[in-house]
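K.L.:
Requesting a structural model of the entry that follows:
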Amino acid sequence: MSVRIILLETSTSLCSTALLEGDEIVAVRHSREPRAHASMTAPYVKEMLDERSLRVSDCDAVCLSMGPGSYTGLRVGSSTAKGLCFGGGIPLLAVGTLDVLVAQAIETGLPEGCNYIVPMIDARRMEVYTALYTANGRRLTNVSPTVVDDNFIKNLAPSNEGILFIGDGVQKCEAVLGGEGRWFRQECPTAEAMKKPALAELRAGNFRDIAYFEPFYLKDFVATVGKKLF
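P.N.:
Residues are numbered from 1 along each chain as shown. Presented below is the predicted three-dimensional model:
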């Protein structure tokens, strides 16, 4: 039987859900209005399962995009994920939101000459949650809240060119970071882009404690570089 995973992405102003069966996304829901996570996330999951004539218990896991990101969005996503896991008797998985954005960039297609991917989650003012990744999805630096200024690229990347910036924090930074060999995609992370990271977590058996799991809410959160992300 194919693996089934419910995917939840609620870390930014827009939320989305997806249903993964095997290696394919078979159902997707995206919100069309900002900050409606509480009213949309659970109904979206029900719609997807009903569409496939499934129950939560027919799935193998729920996977949450765990941040960093919006406190309210992450709280709603976490509560929904835990409720589904408890109710359906299935385990919880979680993947980093920056990893989701990188997977999204790779899935969409990278510009020719792209060497690095810099995902950006808006952290208010001129701050973003960010890290540096290679073009094949390997994270090179820790995840941290960073001020975007004239020294941003110099302090983050070994090259001034061949960099794709992606995320909901990109638009406010483009005027500071714009230049030759730099590309900008103002996008929110999507649930369907969680496919590859979620499958990697499932295969590795990286299940989370449903009772005690907490998303990455705070600006002082720092994630260390893992051995292999993709």
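
K.L.:
So for this protein, the centremost residue is which one?
P.N.:
For the chain, T97 is the residue whose C-alpha lies nearest the centre (CA atoms, centre = their mean; 2.8 Å).

K.L.:
how long is stretch 5-17 end to end?
P.N.:
End-to-end distance for stretch 5-17: 11 Å, by CA to CA, to the nearest Å.

K.L.:
before we move on, the earlier item: tell me who's in contact with the residue nearest to the centre of the chain.
P.N.:
E9, S11, T12, S65, M66, G67, P68, G69, P119, I121, Y129, P189 (CB atoms under 8 Å, 6 or more residues apart in numbering). (Glycine included, C-beta is placed from N, CA and C.)

K.L.:
Pull the most distant pair out of these.
P.N.:
Spatially, the most separated pair among the contacts of T97 is E9 and Y129, at 15.0 Å (CB to CB).

K.L.:
ok, these two, which is more surrounded?
P.N.:
For E9 versus Y129, the count of surrounding residues by other CB atoms under 10 Å is larger for E9: 30 against 26.

K.L.:
Only C-alpha atoms, please: export stretch 159-172 in PDB.
P.N.:
What follows is stretch 159-172, C-alpha atoms only, in PDB (Å, rounded to 0.1, in the frame of the first residue of the first chain):
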ATOM      1  CA  SER A 159      29.800  34.600  -4.000                       C
ATOM      2  CA  ASN A 160      27.900  37.800  -4.900                       C
ATOM      3  CA  GLU A 161      26.300  36.200  -7.900                       C
ATOM      4  CA  GLY A 162      24.300  33.100  -8.800                       C
ATOM      5  CA  ILE A 163      21.900  33.500  -5.800                       C
ATOM      6  CA  LEU A 164      18.100  32.800  -5.800                       C
ATOM      7  CA  PHE A 165      16.200  34.500  -3.000                       C
ATOM      8  CA  ILE A 166      12.700  33.000  -2.300                       C
ATOM      9  CA  GLY A 167      10.100  33.500   0.300                       C
ATOM     10  CA  ASP A 168       7.600  35.900   1.700                       C
ATOM     11  CA  GLY A 169      10.400  38.200   2.900                       C
ATOM     12  CA  VAL A 170      11.900  38.700  -0.500                       C
ATOM     13  CA  GLN A 171      10.000  41.700  -1.800                       C
ATOM     14  CA  LYS A 172      11.000  44.100   0.900                       C
END
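
K.L.:
Quick check: buried residues in that stretch?
P.N.:
Buried positions in stretch 159-172, judged by neighbour count with 16 or more other CB atoms under 10 Å: G162, I163, L164, F165, I166, G167, D168, G169, V170, K172.

K.L.:
In helices, which of these appear?
P.N.:
Among the buried residues of stretch 159-172, no member falls in helices (DSSP state H).

K.L.:
and which of these is nearest L199?
P.N.:
Nearest to L199 out of the buried residues of stretch 159-172 is I166 (CB to CB; 21.0 Å).

K.L.:
which outside residues touch the lengthiest helix in the chain?
P.N.:
Criterion DSSP H: the longest helix present in the chain is helix 71-88. For helix 71-88, the external contacting residues (CB under 8 Å, 6+ apart) are 6, 8-13, 15, 35, 37-38, 41-42, 45, 55-57, 59, 61-67, 90-92, 210, 213-217.
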